[in-house]
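Participant: pasting a predicted model and its sequence here:
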Amino acid sequence: MANAYTPGLKVTGASRIQKRRRLSILGEVLVNIGDIVTPDIPVAKAMIPGNPTSINVSNALSCEAEDIEQYMVKKQGDPVKANEAIAIQKTFFGLFTTTCVSPVEGVLEHVSAVTGQVIVREPAVPIQVKAYINGEVTEIMDREGVVIETKGAFIQGIFGVGGERDGILQIAVEKDSDVLDGQHIKPEHKDKIVIGGSLMTGAAIRRAHEIGAAGIVAGGVIDKDLVDYLGFDIGVAVTGHESIPLTLIVTEGFGQIPMAHKTFELLQTLDGMHASINGATQIRAGVMRPEIIVPNEDIDVVESAVSDGEMEAGTLIRCIREPYFGQLAEVVDLPPELRVVETGARVRIMNIKLRNSGEVVTVPRANVELIEE
Amino acid sequence: MSAEVKREPITREINSIIATDCGSTTTKAILIEKVDGVYRLINRGESPTTVEAPFEDVTAGVRNAVHELEELVGRKFLGPNGVVTPTQPDGSGVDIYLSTSSAGGGLQMMVAGVVKSMTAESAQRAALGAGAIVMDVISIDDGRKQHEKIERIRHLRPDMILVSGGIDGGTVSHVVELGELISAAEPKPRLGIGFQLPIIFAGNRDARKYMTDILSKKVDLRIVDNLRPVLEMENLGPAREEIHNLFMEHVMAQAPGYNKLMRWTEVPIMPTPGAVGKIIQTVAVQNNINIIGVDIGGATTDVFSVYGEDHEYFNRTVSANLGMSYSICNVLLETGVDNIMRWVPFDIDEADLRNRIRNKMIRPTTIPHTLQELVIEQACAREALRLSFTHHKSLATGLKGVQKQRDIGDAFEQTGSGDSIIDLMHLGMIVGSGGVLSHAPRRQQSALMMLDSFQLEGFTELTVDSIFMTPQLGVLSEVHPEAADQVFKRDCLIYLGTAIVPVCVPGSNPKEGDACITVVAHLPDGSTVEKTIPFGTIACIPLGEAEYADVTCRVSNNFDLGPGRGREVHKPRVRGGVAGGIIIDARGRRPFLLPTDKPNRIRKLTEWFVSLDIYPMDILERYMRQS
């Protein structure tokens, strides 16, 4: 076997990008094929059944569950207002009255003679899905949503937190190895997506939060800084739903790691352009990685030739595990036989030449990823 | 009502079999053939699972994995319509093809019952035993307010809900209340945007009419026999069968490409954990032993146990967020840095450790390259296994709420109802599988990980699944038990050795170095080995994988090896293994002797590693000097 298959993250300046925008339940599509949309445009909506409130009528009236129907003044399907009586019990020839009211406005949905409970459902709640990116509607999924297509730059990060946001990209450091600290974040970064180099510090995150930036993108983040900012530890790699006002994306990993040169260079060319970002990450089958999308209808789409993940002698890679974590290297050769590594495991390996020292070392093939420059 | 999922034994001549397991990350294919009258594993292939975009067709991954098999054995198995069956005159194809699956998140369920520790727990056992991940357990007495429960049911989008509650002929009001809760929540299924959520009702038969009235218009309601018809008995079979039916009908049918895969297979696809459970049960019955199986994956850790005189207690639990890649940060979160570092004989900066563990989570396919990384990963595995086993013990219990009749003998043994069934002193075998156990660079590492995390006691055979093929053998055992059994014994199970572990007698307070156990082993070559092992140490007597020794153990007065304080034990057939043979663990149980002060802890860990030849010490000492 002369080569290996290890796909890296997608980092491309000119790509055709399709985004599926789907409702969680069936609803109504609001746009048509060919419509040009912007991130804030709702493209589909649905009505989620309102919250149900259960009312224990038999308790309120101190009667048996099977007796409540005779006291109901509202029947199944009737609309009710908040604090309106739904059941009234009169005793002692009408001298005493006990009333059970609905605490919420809605429709009386169910009366149970078994449990003595009544359910009032509040009005349905509208939900909508927005376009998220600038683009054109190219497909309608009946009652479910749409596909929006655009041309532009597409950059995947390795990990992120925070959901979908959009704003102007703004480079805040000079080099891919520069640390993005609190002092780099200025008031003019409000609503912007700030780009750092090798690290976003805890101070940078807090400052971006204070001034109201839309997001930060950098090579790495220190685990403790992220946990401190979120206020909780991340157990399982499913993110994107944190209730934080900015989206954080790291392109390389945890720790201080210079942003891949190609990624940084591309982001420099996109400085000042409008981007949509999403920190949602789900690492399992069908890995979902955080993304930065920068639409640009004026470019020609040329898909990268190396995106098939094939590796061979001369291919540029990055080590993604200790002891060379984060280092760039060039593949020297890919011996076909299994070799014993320091742990004692017999694994497929490759020999690589480290960029910074020129040293040739052996690493497991599983511990590298492709990188394009 | 759907057609029932049936996997009948196949009676025709079968000479070649391909079985695949579509996991959440990889699809594994194995080829089994009859060689000299015996079924053997011939080869295996694997490929990334293709349930998600851009492929969204599970059969693409199956094709790739089977294609790798084709390349390895130089024969054709694939045709335009999948795996070719039966074997063709030109030698292509196989006699039967079957598959298991946990791809796309497996089977995700919610369960509900009236009383948390009774019917809800029985429902949980039914769902887990059928191979599901239980997302939440709702009960009338679970402490949450009604609106919280409704919100939870609405928020989670399970594949199905199993509702139990009440004994047959009992009161119906609480069961109906559960039905009303679910009806109010209007839950939606995870897959299939326009489909109704399947709900299985396996509760009080007198409540069926009410449940039908409340739920049948909103959900796809299925009614089966009560899983707790009387307080003293569980009847989980009908509910589990219906879960399997619905798994095929709804979950599999909605998952991308499964309709095609179902046409390829002659027998219904089985959920992976269900298949593993099946083979574990088979081994328990065939060997007439109590058994524990554990599968530690990237996302989840499954624990199976079979106990009882007639192997009647089968339990499976899944710790959905304890795993070695996708969920490794949750292991750190649940156990804490200190508990991980107690297994590591060198120092490492906490921030560095946390970053490393996070980087493993976000790049799950990487493997330890340095010994330092391997030791840390195996320390995380110990904690994941320990926590999963604690979870298992809490669910593998006798029926709660049952009045036990006591005789005079029981008066001295006050075990109340609801105690854990897991009795480590009477465990016969433990089977480990999953990458960190199956692929440890040295087999001794797997043995020590299982000893440490399960805190085994008495005499226990330690085994691992060589290449994680128990799922495929599980589904095969339903249609061809002979083939499954032969491959399992010859090619799947690797015997690491037999652990002999004395426990401390209550009230005793032995000190390190005190007399603990003397083992006299008569080996197959006619020689006799006698070893005296002091308290706080570990040692082994080499004995090959297929060899047996006649063993007599004498324990000092502070210890018990099963029959009682200081009592001698004789076992005429103790099996050896590839990881030390007979492993005598005198480090103590109840409590286990792991010093809390750092220098002593590191001294003891190092001593144990040397005793069992766990790691290359020259390299390990380098990391210890650096720290």
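Facilitator: It's in.
Participant: for residue A:126, the count of nearby residues, please.
Facilitator: Neighbour count for residue A:126, taken as other C-beta atoms under 10 Å in any protein chain shown: 11. C-beta: built from backbone N, CA, C; applies to glycine.
Participant: distance of the residue in chain A sticking out farthest from the centre from residue B:164?
Facilitator: Residue farthest from the centre of chain A, counting by C-alpha atoms, centre = their mean, is residue A:93 at 63.3 Å. Relative to residue B:164, residue A:93 is positioned 46 Å away (C-beta to C-beta, to the nearest Å).
Participant: can you check the pLDDT for the residue nearest to residue B:264 when sequence neighbours are not counted?
Facilitator: Leaving aside its chain neighbours, residue B:264 sits nearest to residue B:82 (3.5 Å; criterion: C-beta to C-beta, 6 or more residues apart in numbering or on different chains). Looking at residue B:82, its pLDDT reads 92.
Participant: please apply the same query to the one 10 residues further on.
Facilitator: In the prediction, the pLDDT value recorded for residue B:92 is 94.
Participant: tally of neighbours for it?
Facilitator: Neighbour tally, residue B:92, other C-beta under 10 Å: 14.
Participant: again, but for residue B:34
Facilitator: 16.
Participant: surely it and residue B:16 touch.
Facilitator: Yes - Residue B:34 lies in contact with residue B:16 (C-beta atoms under 8 Å); the separation is 7.4 Å.
Participant: three-state assignment of residue B:460?
Facilitator: Put simply, residue B:460 is strand when judged by DSSP: H, G, I helix; E, B strand; the rest coil.
Participant: average pLDDT for stretch A:231-251?
Facilitator: pLDDT averaged over stretch A:231-251 gives 89.
Participant: before we move on, back to that, burial count for the residue nearest to residue B:264?
Facilitator: With other C-beta under 10 Å as criterion, residue B:82 counts 18.
Participant: which residues does it bridge with?
Facilitator: residue B:79 (DSSP bridges).
Participant: same thing with residue A:118?
Facilitator: With DSSP bridges as the criterion, residue A:118 is bridged to residue A:55, residue A:111.
Participant: how many neighbours does it have?
Facilitator: 27.
Participant: now swap in residue B:349 and tell me
Facilitator: Residue B:349, neighbours per other C-beta under 10 Å, totals 9.
Participant: OK, contacts around it?
Facilitator: If you count contacts by C-beta atoms under 8 Å, 6 or more residues apart in numbering or on different chains, residue B:349 has none.
Participant: same deal with residue A:184?
Facilitator: A:172, A:173, A:194, A:196, A:204 are the contacts of residue A:184 under C-beta under 8 Å, 6+ apart.
Participant: isn't the third one right up against residue A:215?
Facilitator: What that stands for is residue A:194. Yes - contact criterion C-beta under 8 Å: residue A:194 and residue A:215 qualify, at 7.2 Å.
Participant: give the residues shared as contacts by these two.
Facilitator: Joint contacts of residue A:194 and residue A:215 (C-beta under 8 Å, 6+ apart) are residue A:208.
Participant: please report the distance of the closest residue to residue A:80 other than its chain neighbours from chain B.
Facilitator: Among residues not flanking residue A:80 along the chain, residue A:102 sits closest, at 4.5 Å (C-beta to C-beta, 6+ apart). Using C-beta to the nearest C-beta, to the nearest Å, one gets 14 Å for the distance from residue A:102 to chain B.
Participant: who are the contact partners of residue A:102?
Facilitator: A:53, A:55, A:74, A:80, A:81, A:82, A:83, A:84, A:86, A:108, A:120.
Participant: check it and give its pLDDT.
Facilitator: Per the predicted model, pLDDT is 94 at residue A:102.
Participant: the stretch 101-250 of chain A against chain B: which residues are in contact?
Facilitator: A:109-110, A:112, A:114-115, A:117, A:119, A:121, A:143-144, A:158-159, A:222-224, A:233-237 (C-beta under 8 Å from any C-beta of the partner chain).
Participant: please repeat the previous calculation with a cut-off of 7 Å.
Facilitator: A:110, A:112, A:114-115, A:117, A:119, A:144, A:158-159, A:222-224, A:233-237 (C-beta under 7 Å from any C-beta of the partner chain).
Participant: out of those residues, which are buried?
Facilitator: Among those, the ones that count as buried by 16 or more other C-beta atoms under 10 Å in any protein chain shown are A:110, A:112, A:114-115, A:117, A:119, A:144, A:158-159, A:222-223, A:234-237.
Participant: go through those and flag which are in strands.
Facilitator: A:110, A:117, A:119, A:159 (DSSP state E).
Participant: is the worst-scoring helix or strand of chain B on mean pLDDT up against chain A anywhere?
Facilitator: Taking mean pLDDT, DSSP states H and E as the measure, the helix or strand of chain B with the lowest value is helix B:253-254, at a mean of 70. No - using C-beta under 7 Å from any C-beta, helix B:253-254 never reaches chain A; the gap is at least 14.1 Å.
Participant: what residues does the following helix or strand past that helix touch?
Facilitator: For helix B:253-254, the succeeding helix or strand toward the C-terminus, using DSSP states H and E, is helix B:258-264. Contacts with helix B:258-264, where a contact means C-beta atoms under 7 Å, 6 or more residues apart in numbering or on different chains, come from B:58, B:59, B:62, B:82, B:83, B:97, B:99, B:252, B:253, B:269.
Participant: closest to residue B:571 out of those residues?
Facilitator: residue B:99 (40.5 Å; C-beta to C-beta).
Participant: which element is the spatially closest residue to the closest one that is not a sequence neighbour on?
Facilitator: Spatially, and ignoring its direct neighbours in sequence, residue B:99 is nearest to residue B:20 (4.6 Å; C-beta to C-beta, 6+ apart). Element membership of residue B:20 [criterion: DSSP H and E] is strand B:16-22.
Participant: can you map out the helices along the stretch 101-250 of chain B?
Facilitator: With DSSP state H, counting those that start in this stretch as the criterion, the stretch 101-250 of chain B has helices at B:119-129, B:146-155, B:173-185, B:208-215, B:237-246.
Participant: nearest to residue B:228, of those?
Facilitator: helix B:119-129 (4.9 Å).
Participant: that closest one to helix B:237-246, inter-axis angle?
Facilitator: Here helix B:119-129 points in a direction 50 degrees away from that of helix B:237-246 (axes from the mean of the first three to the mean of the last three C-alpha atoms, to 10 degrees).
Participant: for helix B:119-129, name the packing helices and strands.
Facilitator: strand B:107-113, strand B:132-139, strand B:160-163, helix B:237-246, strand B:313-319 (3 or more C-beta pairs under 7 Å, 6 or more residues apart in numbering or on different chains; DSSP states H and E).
Participant: check whether the helix or strand hosting residue B:355 contacts chain A.
Facilitator: Assigned by DSSP H and E, residue B:355 belongs to helix B:350-362. Yes - interface with chain A: helix B:350-362 contributes B:351, B:354, B:355, B:356, B:358, B:359, B:361, B:362 (C-beta under 7 Å from any C-beta).
Participant: out of the residues you listed, who has the most neighbours?
Facilitator: For the residues of helix B:350-362 next to chain A, neighbours tallied by other C-beta under 10 Å; top is residue B:361, 28 neighbours.
Participant: now do the helices in the stretch 301-450 of chain B.
Facilitator: Going by DSSP H, counting those that start in this stretch, the stretch 301-450 of chain B shows helices at B:328-335, B:337-341, B:350-362, B:371-395, B:435-438, B:443-454.
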